[in-house]
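Trainee: Dropping the sequence and predicted coords here.
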Amino acid sequence: MTFATCDICDAHEDKLAGGTLAVLPPVFKSFGKRPKFSGPATTLKVFEDNVLVRSTLETAGNGHVLAIDGGGSLRCALVGGNLGVLAEKNGWAGIIVHGCIRDSEEINACNIGVRALATHPQRSVRKGIGDRNVRISVAGVAIDPGDWIYADADGVLVAREKLA
């Protein structure tokens, strides 16, 4: 994987100005063995309920990044160690969680990249409420299904098209 988010920003200042490239606010912590990952977005909109997260990660990821709009909740975790293992096994490049994860040591042992606001030991409810492959908002940035996500040590970018 040969990209750097800084280089993408420098090479595409016109897209940043035009809104077809955006930088997520620097509020995410990095987890997993892949500090750098990229891929097209698969989106979920859920709130304190991870049933759709599990069912999505049970499918073939094909190098996609699962972008989860969890409403920024800090009251429970949407992704845990078992889901990290599922994501790795099923070929997901990474997971962006606008919310919390748990089992961070287990996730750190997985060969995936994860960004989340924080860790929280409590699991979510399991009602199965939410939406898949809809426009979401993560930390104020819109992400549509198929947008490209680029994450490295310097930040997370959302692009309307593949750039690197």
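Mentor: Structure's in. What do you need? Residues are numbered from 1 along each chain as shown.

Trainee: any idea which helix is longest in the chain?
Mentor: In the chain, ranked by residue count with DSSP state H as the criterion, the top helix is helix 81-89.

Trainee: chain center to that one: distance?
Mentor: 14 Å (C-alpha atoms, centre = their mean, to the nearest Å).

Trainee: What helix or strand is D7 located in?
Mentor: helix 5-11 (DSSP states H and E).

Trainee: If you count contacts, what does that helix end up packed against?
Mentor: strand 21-23, strand 148-152, strand 155-159 (3 or more C-beta pairs under 8 Å, 6 or more residues apart in numbering; DSSP states H and E). The C-beta positions use only the backbone N, C-alpha and C, and glycine is treated the same way.

Trainee: mind running it again at 6 Å?
Mentor: strand 155-159 (3 or more C-beta pairs under 6 Å, 6 or more residues apart in numbering; DSSP states H and E).

Trainee: what's the average pLDDT for the helix holding D7?
Mentor: Averaging pLDDT along helix 5-11 gives 97.

Trainee: Kindly export it (C-alpha atoms) in CSV.
Mentor: What follows is helix 5-11, C-alpha atoms only, in CSV (Å, rounded to 0.1, in the frame of the first residue of the first chain):
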residue,chain,number,x,y,z
THR,A,5,-2.7,11.0,3.4
CYS,A,6,-0.5,14.1,3.4
ASP,A,7,0.6,13.5,-0.2
ILE,A,8,-3.0,12.9,-1.3
CYS,A,9,-4.0,16.2,0.3
ASP,A,10,-1.1,18.0,-1.3
ALA,A,11,-1.9,16.5,-4.7
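
Trainee: Going by neighbour count, list what's buried in that helix.
Mentor: T5, I8, C9 (16 or more other C-beta atoms under 10 Å).

Trainee: Make TSV from those and add distance to C76 to it.
Mentor: TSV is the format used below for those (distance: C-beta to C-beta, whole Å):
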residue	distance to C76
T5	29
I8	33
C9	33
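
Trainee: quick one, strands of this protein?
Mentor: Applying DSSP state E to the chain gives strands spanning 21-23, 29-31, 37-45, 65-69, 77-79, 94-101, 113-119, 131-132, 136-138, 141-143, 148-152, 155-159.

Trainee: residue contacts, the residue most central in space within the chain?
Mentor: Geometric centre of the chain, nearest residue: I96, 1.5 Å, by C-alpha atoms, centre = their mean. The contact partners of I96, by C-beta atoms under 6 Å, 6 or more residues apart in numbering, come to A67, R115.
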